Every structure is written in structure tokens, then in C-alpha cells.
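**Student:** Following is a predicted model, sequence given first.
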Amino acid sequence: MGEASVRGLSHLTAEGEARMVDVSTKAETAREAVARAVLVLKPATLAAIRGGQVKKGDVLGVARTAGILAAKRTPDLIPLCHPLRLTVVDVAFAADRRASTLTIETRVRTVDKTGVEMEALTAAAVAALTVYDMVKAIEKGVTIAELGLLEKSGGKSGRWVRAAARPRRALARSAPGRGAARRGRLP
């Protein structure tokens with residue numbers, strides 16, 4: 001069956017049944033997506049994360065690893081996603097003490113036939129859920145207040161940037177050897 005769809009939805013057949021889109025004729029291009037999740041926590045919970053004082057261990061290190069693994073496993077979790085050759089998954093954190101929030105930003109890249117928006121979103125969501133799991137003994141009321149795509153590039157549709165996206169602040173990146181960020185503490 002070709003690229004027939006219902007109401008412009010590429011994941012539906014002409015009969016309205018769900019299907020995986022055939023990307024075999026698409027060109028491989030460099031693609032990138034950035035997603036963000038924001039958690040709202042009590043100041044004491046945020047301070048415990050920042051100070052590396054959570055009994056379960058390195059909250060940010062575990063959340064970073066969970067986000068990377070989640071991006072790699074996206075097609076196992078979301079049925080119509082294609083397996084992709086990811087070239088990088090970056091997970092970064094920023095704490096805002098005044099707002100008592102922890103922001104997680106993920107960046108995923110590939111050179112492939114379809115985009116990595118779902119991988120970036122999945123990485124951000126699972127990293128946020130992992131933070132919740134790591135701190136639930138301290139605070140059960142943590143809220144994941146925001147999850148969304150900030151930008152994407154590559155492919156036929158080109159570049160897209162969320163109009164309401166706040167400017168990015170310096171986030172603690174996942175590169176090895178970054179001192180406090182590597183040990184799970186935020187600057």
C-alpha cells in the first residue's frame with residue numbers, strides 16, 4: 001500500500017487503520033530534535049538533588065542514563081516509531097531555586113530517513129519520571145509540569161522552533177569529566 005492516508009494523517013490507511021509509514025523512498029538527512037520536561041518540587045527536595053543528598057543515589061546521573069536508554073528504546077515503547085541509528089543523545093539539567101523547578105532538556109541526533117522528535121520527547125519524559133522515582137521518598141507531590149518539543153531540524157519539513165520556548169540557560173551537560181554535573185550535582 002502506498003502513502004494513502006485519512007484526513008492528512010500519515011499513520012492511518014485510507015480505511016482509517018493504524019499503520020507504520022513507509023519511509024523507504026525518503027532520503028537520509030541529518031536530523032535533530034530538542035525536548036524539555038520541567039519538574040516542580042519543594043525547595044528542600046531540589047536542594048537534596050543539588051547537594052547529592054538523596055538516599056537512592058545520584059539522581060541526575062541515573063536520570064541521565066534512563067533518558068539515554070529511553071531514546072534508544074523509543075520504537076519498543078511507541079508502536080509506530082521506526083528504529084533509528086541515533087548518533088547522540090544528550091540529557092542536561094538546570095535547577096531554578098526561585099521557582100523550585102528542575103528542567104531537563106534532551107537533544108537527539110541522527111542521520112536517517114525520519115526524525116527524532118519522539119526519541120527526544122521519550123528521553124525527557126523518562127528522565128523526569130526517573131527523577132520522581134529517585135525522590136518520591138522525600139516528596140510524593142513532585143509534578144511533571146511540562147513536556148514538549150522545543151525544536152527540530154532536518155528532513156522535508158526543515159527547521160521548526162516552538163514560538164513560546166524560553167531562551168535556554170546554561171544546562172549541566174552529560175559529557176564526562178564535568179565535575180559537579182557529572183557527580184549528579186547542579187551548579
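**Tutor:** Thanks, I have the structure now. Here the structure is a predicted model, which means the values were calculated and not measured.
**Student:** Now do the spatially most central residue of the chain against Asp58, distance only.
**Tutor:** Nearest to the mean C-alpha position of the chain, by C-alpha atoms, centre = their mean, lies Ala124 at 2.6 Å. Counting by C-beta to C-beta, to the nearest Å, the separation of Ala124 from Asp58 is 19 Å. Heads up, the C-betas are built off the backbone N, CA and C, glycines and all.
**Student:** Give me the secondary structure label for the residue nearest to the centre of the chain.
**Tutor:** helix (DSSP: H, G, I helix; E, B strand; the rest coil).
**Student:** Looks like it contacts Thr103 (just checking).
**Tutor:** No: with contact defined as C-beta atoms under 8 Å, Ala124 and Thr103 do not form a contacting pair (9.6 Å).
**Student:** Name the residues contacting each of the two.
**Tutor:** Counting by C-beta atoms under 8 Å, 6 or more residues apart in numbering, the residues touching both Ala124 and Thr103 are 36-37.
**Student:** The helix or strand encompassing Glu105 pairs with which strands?
**Tutor:** Assessed by DSSP states H and E, Glu105 sits inside strand 101-112. Taking DSSP bridges as the criterion, strand 101-112 forms sheet pairs with strand 29-40 (antiparallel), strand 86-96 (antiparallel).
**Student:** So for the longest one, what gets flagged as buried?
**Tutor:** Burial within strand 29-40, assessed by neighbour count using 16 or more other C-beta atoms under 10 Å, is assigned to 29, 31-40.
**Student:** avg pLDDT for it?
**Tutor:** Taken as a whole, strand 29-40 has a mean pLDDT of 97.
**Student:** What are the buried residues along the strand holding Glu105?
**Tutor:** 101-110, 112.
**Student:** who are the neighbours in contact with Thr103?
**Tutor:** Under the criterion of C-beta under 8 Å, 6+ apart, the neighbours of Thr103 are 36-39, 93-96, 171.
**Student:** how near is it to Leu46?
**Tutor:** Applying C-beta to C-beta to Thr103 and Leu46 gives a distance of 11 Å.
**Student:** Which of the helices or strands spans Pro75?
**Tutor:** Counting by DSSP H and E, Pro75 is part of helix 74-77.
**Student:** mean confidence score for that helix?
**Tutor:** Across helix 74-77, pLDDT averages out at 96.
**Student:** which residues make contact with it from outside it?
**Tutor:** With contact meaning C-beta under 8 Å, 6+ apart, helix 74-77 is reached by 70, 81-84, 118-119, 122.
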